[in-house]
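**Student:** curious how this folds, go ahead:
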Amino acid sequence: MWESENDSIAVARHYANGVPPSAKHALKTDGFELRGNSWYVATDIPSDLLVQVEGVNFHLHKYPLLSRSGKMNRCIYESRDPDLNKVVLDDLPGGAEAFELAAKFCYGIAVDLTAANISGLRCAAEYLEMTEDLEEGNLIFKTEAFLSYVVLSSWRDSIVVLKSCEKLSPWAENLQIVRRCSESIAWKACANPKGIRWAYTGKPPKVSSPKWNDLKDSSPSRNQLVPPDWWFEDVSILRIDHFVRVITAIKVKGMRFELIGSSIMHYSSKWLPGLVTDTTNAGDEGSTSTTSNTSSGSNSWKGGLHMIVAGNKEDHSAIQAKDQRMIIESLISIIPPQKDCVSCSFLLKLLRMANMLKVAPALVTELEKRVGMQFEQATLVDLLIPSYSKSDTMYDVDLIQRLLEHFLVQEQTEISSPSRQSFSDKHMYDGSQRGTVPNAKMRVARLVDSYLTEVARDRNLSLTKFQVLAEALPESARTCDDGLYRAIDSYLKAHPTLTEHERKRLCRVMDCQKLSIDACMHAAQNERLPLRVVVQVLFSEQVKISNAIANSSLKEANDSQFQPLVTNRKTLLEATPQSFQEGWATAKKDINTLKFELESMKTKYLELQTEMESLQRQCEKVTKQKQSSAWSSGWKKLSKLTKISTLETPENEFQHPGIAEQTKKVHRRWRNSIS
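**Tutor:** The predicted structure is shown next:
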């Protein structure tokens with residue numbers, strides 16, 4: 001169905017070989033000879049015309065050129081100089097190589113038409129006006145036939161011709177070569193490859209690609225599966241304007257939008273190495289790439305798009321930055337409008353480079369809206385975008401604020417119009433939805449809290465920016481404010497000079513009732529927090545404990561109509577005036593009860609403290625007694641012995657009748673035991 005490059009050359013020879021009818025009267029020659037920087041015709045007749053193209057001299061004859069070229073006719077006869085023997089054609093498309101082939105064709109020499117030279121030769125034939133009016137089967141007819149029947153039927157040749165058109169603007173555009181090649185590539189990329197003998201050129205040299213003219217037994221449709229991204233590598237070698245033409249044609253043909261997005265990301269990885277390697281300035285984006293993934297992309301960049309300009313390094317960097325700006329603007333304009341066609345990480349990296357290279361504001365705004373559509377997929381590393389404006393902050397906090405606003409607008413739009421659900425939500429996840437809106441908001445809330453914790457370390461970040469970004473999400477987005485408390489604590493650490501009023505204002509963005517037990521314990525001991533906030537944290541924790549106790553006791557009693565003892569503030573505000581007053585009275589009683597409990601705890605604490613002090617004194621006394629000398633203990637033992645000896649004397653028996661009775665009892669027990 002599609003022919004190979006070898007077949008293309010064979011057909012080209014079929015068209016180009018042979019001597020045209022008028023060549024019977026032309027000069028007989030064996031070909032052209034190159035001597036230094038000049039071409040000479042191998043014939044005995046001396047040349048009478050010098051044609052100079054881009055510094056290359058062609059010593060030719062007038063008659064063969066006049067018989068085929070209308071341009072040469074005008075140059076010679078309209079000059080009204082019969083002795084004219086030099087023509088300068090510096091603006092000829094295709095340059096000296098194309099003119100060499102055209103001159104050989106005029107002399108009747110066989111010319112091999114290939115995909116590499118056909119576009120330049122077609123433009124040169126149009127420039128030289130080699131039409132059918134002068135000679136049947138002229139060069140325009142030959143080149144058009146080769147383009148239509150050979151190039152456009154071959155995937156490889158279409159890519160090569162479109163690549164060669166980069167140096168032929170605007171001739172290739174005006175002759176519809178770019179349009180026809182783009183549509184041919186789009187048609188082949190969208191076609192079902194199972195019934196086609198195909199080959200793609202993007203494979204590495206180590207892997208042999210199947211040939212176009214292979215046998216059916218070796219066709220990939222029978223021996224191997226065709227990857228859906230087989231055309232990515234081939235179209236990524238094109239210049240950005242031609243790549244845009246191809247992608248636009250592919251969109252018209254109905255290609256899946258996720259494949260189009262993947263091809264755009266693949267193209268960006270080759271031509272924008274800054275998307276992979278972060279750099280500090282715009283000028284060194286292509287030269288500072290050090291990873292293996294971007295080395296090939298930077299090489300193709302240096303030789304592919306911008307021109308070779310003699311100048312200093314600053315001029316080279318400025319040209320490179322300008323070209324990268326053009327690539328980014330073009331890519332933004334061709335990203336499919338469907339959600340999830342490209343990753344959020346790719347969009348944020350593209351946004352970072354767009355801000356760095358000063359891309360048009362309208363395109364930057366469009367890109368920000370695209371990021372807002374899938375903001376819940378972002379990561380903290382992607383959000384840490386440096387501030388490239390005159391702002392004093394390290395990171396672009398205003399940009400994140402705008403992205404968050406776009407996300408909220410998009411979420412509100414999806415809630416109000418469910419029919420506008422994206423294609424990916426319906427089909428990308430096997431019929432299951434992406435998730436409810438609160439889940440997306442909760443993910444964004446966690447992401448924003450992590451971002452605030454990171455940027456809070458910047459001492460130039462104002463309190464207003466921090467507060468606005470923290471309060472941008474609704475209260476329902478956060479079920480727990482631990483992340484927000486962590487960000488507030490980081491901000492207080494980095495800004496120790498805040499006044500009491502500013503600290504209270506900062507802590508106002510946090511709801512103490514949404515803190516976990518660990519966060520409450522940390523906040524109760526945090527000296528950076530205002531005293532009022534610490535009291536609120538303790539009070540909310542006490543309320544939680546009271547409610548938990550009440551819930552457990554009422555559940556044990558199997559009371560189905562349970563009402564919490566302590567009503568939270570939001571419930572009181574949303575209630576009717578009468579119930580509000582009753583709830584407020586109950587809350588006052590609870591507050592008084594808590595105050596009484598706190599006072600009793602204080603008194604118990606003081607009592608325990610006094611008891612502890614008394615115990616310490618007793619311990620000190622015991623230790624002092626143990627430290628007394630051995631002589632004093634010996635004298636005490638002697639005094640005890642003397643007391644015992646005096647008690648055993650008969651005189652002391654009368655004084656101590658109790659002791660005599662004890663001794664008598666002992667003797668009686670002994671006698672009874674013997675008997």
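**Student:** all strands for the stretch 301-450 of the chain, in order.
**Tutor:** Secondary structure of the stretch 301-450 of the chain by DSSP state E, counting those that start in this stretch: no strands are present.
**Student:** next: the chain.
**Tutor:** Read by DSSP state E, the chain holds these strands, from start to end of the chain: 32-35, 38-41, 49-53, 56-60, 86-88.
**Student:** now those strands as a markdown table including mean neighbour count, mean pLDDT and distance to Q618?
**Tutor:** Bear in mind the C-beta positions are built from the backbone N, C-alpha and C, glycine included. Rendered in a markdown table, the data for these read as follows (neighbours: other C-beta atoms under 10 Å; pLDDT from 0 to 100; distance: least, C-beta to C-beta, whole Å):
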| stretch | mean neighbour count | mean pLDDT | distance to Q618 |
| --- | --- | --- | --- |
| strand 32-35 | 12 | 83 | 117 |
| strand 38-41 | 18 | 86 | 120 |
| strand 49-53 | 19 | 90 | 115 |
| strand 56-60 | 19 | 90 | 114 |
| strand 86-88 | 13 | 87 | 119 |
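**Student:** what's the closest of those to P474?
**Tutor:** P474 lies closest, by C-beta to C-beta, to one member of the strands of the chain: strand 49-53, at 70.2 Å.
**Student:** angle of that closest one against strand 56-60?
**Tutor:** When axes from the mean of the first three to the mean of the last three C-alpha atoms, to 10 degrees is applied, the directions of strand 49-53 and strand 56-60 differ by 160 degrees.
**Student:** parallel or antiparallel, which strands does strand 49-53 pair with?
**Tutor:** Here the strand partners of strand 49-53, with direction, are listed using DSSP bridges: strand 56-60 (antiparallel), strand 86-88 (parallel).
**Student:** I'd like those strands as a markdown table, with distance to L168 appended.
**Tutor:** As requested, those are arranged in a markdown table below (distance: least, C-beta to C-beta, whole Å):
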| stretch | distance to L168 |
| --- | --- |
| strand 56-60 | 18 |
| strand 86-88 | 20 |
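**Student:** one step back: same list (the strands of the chain) but as JSON lines, adding distance to V160.
**Tutor:** Supplementary listing: those in JSON lines, determined by distance: least, C-beta to C-beta, whole Å:
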{"stretch": "strand 32-35", "distance to V160": "25"}
{"stretch": "strand 38-41", "distance to V160": "26"}
{"stretch": "strand 49-53", "distance to V160": "23"}
{"stretch": "strand 56-60", "distance to V160": "24"}
{"stretch": "strand 86-88", "distance to V160": "30"}
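**Student:** nearest to R478, out of the ones you listed?
**Tutor:** Evaluated over those, closeness to R478 peaks at strand 49-53, with 71.9 Å, by C-beta to C-beta.
**Student:** residue contacts, the nearest residue to L34 once chain neighbours are set aside?
**Tutor:** By the measure of C-beta to C-beta, 6 or more residues apart in numbering, the closest residue to L34 outside its immediate chain neighbours is Y40, 7.9 Å from it. Contacts for Y40 were tallied using C-beta atoms under 8 Å, 6 or more residues apart in numbering; they are 32-34, 47, 59.
**Student:** tell me which two in these are the farthest apart.
**Tutor:** The span of these, defined through C-beta to C-beta, is set by L34 and S47 at 14.4 Å.
**Student:** which pLDDT value belongs to K28?
**Tutor:** Each residue has a pLDDT score; the one for K28 is 59.
**Student:** pLDDT averaged over stretch 536-545 - what is it?
**Tutor:** Rounded mean pLDDT across stretch 536-545 is 76.
**Student:** stretch 458-472 now?
**Tutor:** Stretch 458-472 shows an average pLDDT of 92 in the prediction.
**Student:** output that stretch as PDB, restricted to C-alpha atoms.
**Tutor:** Output of stretch 458-472 as PDB, limited to C-alpha atoms (Å, rounded to 0.1, in the frame of the first residue of the first chain):
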ATOM      1  CA  ASP A 458      10.600  32.700  53.600                       C
ATOM      2  CA  ARG A 459      11.000  35.800  55.800                       C
ATOM      3  CA  ASN A 460       9.900  38.000  53.000                       C
ATOM      4  CA  LEU A 461       6.500  36.400  52.800                       C
ATOM      5  CA  SER A 462       3.900  38.800  54.100                       C
ATOM      6  CA  LEU A 463       1.200  37.900  56.600                       C
ATOM      7  CA  THR A 464      -1.500  39.000  54.200                       C
ATOM      8  CA  LYS A 465      -0.400  36.600  51.400                       C
ATOM      9  CA  PHE A 466      -0.200  33.700  53.800                       C
ATOM     10  CA  GLN A 467      -3.600  34.400  55.300                       C
ATOM     11  CA  VAL A 468      -5.300  34.900  51.900                       C
ATOM     12  CA  LEU A 469      -3.900  31.600  50.500                       C
ATOM     13  CA  ALA A 470      -4.800  29.700  53.700                       C
ATOM     14  CA  GLU A 471      -8.400  31.100  53.700                       C
ATOM     15  CA  ALA A 472      -9.000  30.600  49.900                       C
END
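**Student:** I figured V342 hits M265, correct?
**Tutor:** Yes. If you go by C-beta atoms under 8 Å, V342 and M265 touch, sitting 5.9 Å apart.
**Student:** and stretch 486-494, what's buried?
**Tutor:** Buried residues in stretch 486-494, defined by neighbour count with 16 or more other C-beta atoms under 10 Å: 486-492.
**Student:** what of stretch 498-505?
**Tutor:** Taking 16+ other C-beta under 10 Å as the basis for neighbour counts, the residues of stretch 498-505 that come out buried are 498, 503.
**Student:** for stretch 454-467, same thing?
**Tutor:** The neighbour-count check on stretch 454-467 (16+ other C-beta under 10 Å) flags 454-456, 458, 461, 465-466 as buried.
**Student:** inside helices: which ones of those?
**Tutor:** Restricting these to those inside helices, with DSSP state H as the criterion, leaves 454-455, 465-466.
**Student:** which other residues reach stretch 473-490?
**Tutor:** Residues from elsewhere that reach stretch 473-490 (C-beta under 8 Å, 6+ apart): 404, 408, 438, 441-442, 444-446, 448-450, 452-453, 456-457, 466, 470, 506-507, 509-512, 514-516, 518-519, 522-523, 526, 528.
**Student:** report the buried members of those.
**Tutor:** Applying a neighbour-count criterion of 16+ other C-beta under 10 Å, the buried members of those are 404, 408, 441-442, 444-446, 448-450, 452-453, 456, 466, 470, 506-507, 509-512, 514-515, 519, 522-523, 526, 528.
**Student:** list the contacts of V178.
**Tutor:** V178 makes contacts with 162, 165, 172, 242, 245, as judged by C-beta under 8 Å, 6+ apart.
**Student:** show me the contacts for the second one.
**Tutor:** Same thing as C165. Each residue near C165 by C-beta under 8 Å, 6+ apart is listed here: 119, 172, 177-178, 181, 242.
**Student:** look up how far Y127 lies from it.
**Tutor:** C165 sits at a distance of 15 Å from Y127 (criterion: C-beta to C-beta, to the nearest Å).
**Student:** next one: the third one
**Tutor:** Distance, A172 to Y127, by C-beta to C-beta: 12 Å.
**Student:** looking at those two, which is more packed in?
**Tutor:** For A172 versus Y127, the count of surrounding residues by other C-beta atoms under 10 Å is larger for A172: 24 against 19.
**Student:** got a list of what L403 touches?
**Tutor:** For L403, the contact set (C-beta under 8 Å, 6+ apart) comprises 368, 371-372, 375.
**Student:** longest helix of the protein?
**Tutor:** With DSSP H applied, the helix covering the greatest number of residues in the chain is identified as helix 577-626.
**Student:** what mean pLDDT does it get?
**Tutor:** Averaged across helix 577-626, the pLDDT comes to 73.
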